[in-house]
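Novice: I need the structure of the sequence given here:
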Amino acid sequence: MRLNMAWKSWISNECGKHLLLLLWLAVNVWLFWKTFILYYSGPQYYYLHRMLGLGLCISRASASVLNLNCSLVLLPVCRTLLAFLRGSQKVASRKARRLLDKSKTFHAACGVTVCIFSVVHVAAHMVNILNFSARYSEDFPSLNVAHYKGEDPRLIIFTTVPGVTGILMVLILFLMFTASSYSIRVSNYDIFWYTHNLFIVFYILLLLHVAGGALKYQSNVEAHRPGCFSPNKTLQVRRLKPEPLPESHLERSHEDFLKPQPHVEDNFGSVCKEEPHFKSHFPETWLWVSGPLCLYCAERLYRYFRNSRPVTIVSVTSLPCDVIEVRMVKKDFKARPGQYIVLQCPSISTFESHPFTLTVCPTEKRTTFGVHLRVLGDWTKQFKELLLSKSTPDSEILPIVQQRRYPTLYIDGPFGSPSEEVFNYEVSLCVAGGIGVTPFASVLHTLLDEWRHFKLRRLYLIWVCREIQSFYWFADLLCALHQKLWQENRPDYLNIKLYLSRTDGIQNLIGERYRALNSRLIIGRPRWKLLFEEISKCNRQKNVGVFCCGPKEISKTLHKLSNSTSSSGTTFEYNKESFS
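Specialist: The predicted structure is shown next:
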């Protein structure tokens with residue numbers, strides 16, 4: 001029984017993404033192998049393969065993998081498309097919609113694959129360049145990239161379009177890859193943002209790179225079978241002089257070297273009808289990349305026109321622990337609880353923008369929407385200085401509403417996130433660490449407006465903070481919702497547990513109106529296993545949606561517990577909040 005429950009939990013949380021991963025890996029392996037075999041044994045590449053050897057096969061096989069992943073890497077960053085698929089219910093299955101939450105991970109996987117196979121591709125082409133120089137063919141001048149035998153390989157690299165564009169693309173990939181590391185993204189997000197936008201230059205260079213036409217195929221295989229005899233020219237030893245063999249090949253017999261390739265075997269002795277003709281391939285990369293690239297450009301254009309009008313900032317509130325709340329209004333702006341927007345302030349930076357979860361969504365009765373942001377980096381620090389005048393000494397205890405002239409602010413979005421699925425479970429568990437509570441604040445606001453219209457029948461909210469003042473961010477909201485549910489005879493609908501991880505200083509929320517929250521305030525860290533067991537016993541044979549926005553340690557623990565067995569037959573489906 002326990003084994004069946006463990007298997008059921010694993011299927012709910014892991015099966016979909018692992019199947020997608022296996023499919024993606026299988027397509028990459030198939031493409032690599034198919035292209036390798038084509039260039040190794042294809043008759044149209046016989047003479048080119050004789051000149052370049054395995055370097056040709058590996059360079060082209062890795063190029064096929066690069067084509068696939070350079071096209072796929074763009075799809076996860078089409079945020080509007082992902083939000084449409086999630087919100088319009090075009091993807092009916094909840095498990096399939098949850099795969100959309102892995103878009104960031106899939107984007108990173110494709111990016112790493114592009115970097116790895118770029119190294120393989122470059123290494124193979126370095127061998128090809130050496131062979132072009134050393135094995136210059138006087139019989140087939142059009143097949144050569146080198147201008148003469150023994151030409152300096154460096155000259156070939158720096159005087160050809162594929163060589164120059166290849167060097168620039170490798171440099172861009174190196175900058176993008178190194179700047180994408182977690183340490184750089186945390187310490188200096190600007191470096192990550194600006195280097196990542198070099199992808200525009202990368203794709204332009206990619207389209208130019210494949211247009212060089214360095215590698216050519218034989219276009220008249222029917223009239224000139226590989227290995228056929230030409231009465232006007234001896235094509236046996238003269239065509240390509242063999243290079244000295246490495247010692248590892250000396251053990252092979254003389255007959256092995258004389259044995260022709262399968263597609264050539266039947267052509268010895270036959271007379272060529274004409275000389276071989278060579279042509280450059282049509283750039284296949286254009287076929288791979290054009291669709292996703294046009295889709296991405298169309299989406300960016302749509303987002304540009306949609307967000308061309310600035311928002312009107314209604315109010316700015318300074319909250320404890322260096323947090324500010326910004327309330328805004330914009331005509332025809334619609335959003336769902338759990339979604340996020342991207343803020344862009346020209347007074348700080350013309351191009352730089354940052355994502356923030358909506359804590360208040362517009363409704364039929366309320367046109368305003370808002371975000372809570374914590375001052376952590378240079379951008380948020382400058383943004384706070386533009387929004388607020390100098391704070392008074394007690395601004396760390398009580399919120400202060402500032403009324404002044406605000407800077408111009410643009411928003412992009414809204415975009416989808418896993419928190420939208422909270423209402424699609426009968427029971428949901430929301431776990432937040434510090435400012436990570438913001439995705440669930442919009443959920444609480446929606447429930448405060450009307451909680452009966454949703455499938456959700458029980459909500460567990462666990463909020464962990466280091467400082468007691470952090471709970472003031474949404475203390476009034478929690479109290480108002482708690483009071484409303486008690487008045488409507490549903491006290492078990494919302495289960496709140498607040499954890500204060502630091503025990504020094506004040507250990508209670510000050511104020512009589514916060515009495516309900518003080519009774520749910522626990523000093524210390526949550527005992528996650530006991531909490532899961534308690535929730536499991538109260539919700540037997542049900543699917544519980546687990547939503548997390550917080551530190552990695554908490555996320556890993558919740559993920560592990562969601563995959564564990566439950567004696568009550570309860571299945572926990574894990575959803576992790578992340579910005580695409």
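Novice: the helix of greatest length in the chain: what's the following helix or strand?
Specialist: What stands out as the longest helix in the chain, according to DSSP state H, is helix 103-134. Downstream of helix 103-134, the first helix or strand assigned by DSSP states H and E is helix 153-158.
Novice: which residues touch that following helix?
Specialist: Residues outside helix 153-158 that contact it (C-beta atoms under 8 Å, 6 or more residues apart in numbering): M126, I129, L130, F132, S133, V145, A146, G163, V164, G166, I167. To be clear about C-beta, it is placed using only N, CA and C from the backbone, and glycine gets the same treatment.
Novice: give me the neighbour count for the fifth one.
Specialist: It refers to S133. Neighbours of S133 under the rule other C-beta atoms under 10 Å: 21.
Novice: and the helix or strand hosting D412, average pLDDT?
Specialist: According to DSSP H and E, D412 maps onto strand 410-415. In this model, strand 410-415 has a mean pLDDT of 89.
Novice: list of residues touching that strand?
Specialist: 79-80, 82-83, 303, 307-311, 328, 330, 333-336, 339-346, 353, 355, 358, 580.
Novice: can you say which of the residues you listed are buried?
Specialist: Among the contacts of strand 410-415, those classed as buried by neighbour count (16 or more other C-beta atoms under 10 Å) are 79-80, 82-83, 303, 307, 310-311, 328, 330, 333, 335-336, 339-345, 353, 355, 358, 580.
Novice: wait, which of the contacts of helix 153-158 is closest to A214?
Specialist: For the contacts of helix 153-158, the minimum distance to A214 (C-beta to C-beta) is 5.2 Å, reached by V145.
Novice: that closest one and A214 touch, don't they?
Specialist: Yes - between V145 and A214 there is a contact under C-beta atoms under 8 Å: 5.2 Å.
Novice: need the overlap of contacts for the two.
Specialist: The contact sets of V145 and A214 overlap at T160 (C-beta under 8 Å, 6+ apart).
Novice: give me phi/psi at V326?
Specialist: Note on V326: backbone dihedrals following degrees, to the nearest 10 are phi -120, psi 120.
Novice: can you count the residues close to it?
Specialist: V326 has 23 nearby residues by other C-beta under 10 Å.
Novice: roughly how far does it sit from K17?
Specialist: Going from V326 to K17 by C-beta to C-beta, to the nearest Å gives 35 Å.
Novice: related to what we said a few turns ago, check the offset of the longest helix of the chain from the chain's centre.
Specialist: 20 Å (C-alpha atoms, centre = their mean, to the nearest Å).
Novice: again, but for stretch 207-220
Specialist: For stretch 207-220, the distance to the chain centre is 32 Å (C-alpha atoms, centre = their mean).
Novice: any residues touching it, and which ones?
Specialist: 43-48, 56, 60, 142-143, 145, 160-162, 165-166, 169, 224, 226, 274, 276-281, 283-286, 289.
Novice: and those residues, which are buried?
Specialist: Buried, going by 16+ other C-beta under 10 Å: 43-48, 56, 60, 143, 145, 160, 162, 165-166, 169, 224, 226, 276, 278, 283, 285, 289, out of the contacts of stretch 207-220.
Novice: among those, which ones are in helices?
Specialist: Of the buried ones among the contacts of stretch 207-220, the ones assigned to helices by DSSP H are Y46, Y47, L48, L56, R60, P162, T165, G166, M169, T285, V289.
Novice: does the fifth one touch G42 like I think?
Specialist: The reference is to R60. No - using C-beta under 8 Å as the test, R60 is too far from G42 to be in contact (10.2 Å).
Novice: assumed L498 was part of a strand.
Specialist: Yes - L498 sits within a strand when classified using DSSP: H, G, I helix; E, B strand; the rest coil.
Novice: without its sequence neighbours, what residue ends up closest to it?
Specialist: Leaving out its chain neighbours, the residue that sits closest to L498 by C-beta to C-beta, 6 or more residues apart in numbering is L521, at 4.7 Å.
Novice: now the phi/psi pair for the one you found, please.
Specialist: Residue torsions, per degrees, to the nearest 10, at L521 are phi -90, psi 130.
Novice: tell me the pLDDT at it?
Specialist: Confidence score, pLDDT, at L521: 87.
Novice: can you pull the contacts of it?
Specialist: Contacts of L521 by C-beta under 8 Å, 6+ apart are F471, L498, Y499, L500, Q507, N508, L509.
Novice: do V65 as well
Specialist: N28, L31, F32, T113, F117.
Novice: let's see 6 Å
Specialist: Going by C-beta atoms under 6 Å, 6 or more residues apart in numbering, V65 touches N28, L31, F32, F117.
Novice: the closest residue to it other than its chain neighbours - how many residues pack around it?
Specialist: Ranked by C-beta to C-beta, 6+ apart and with sequence neighbours excluded, the top spatial neighbour of V65 is F117, at 4.8 Å. Per other C-beta under 10 Å, the neighbour tally for F117 reads 22.
Novice: fine by me, we can end here.
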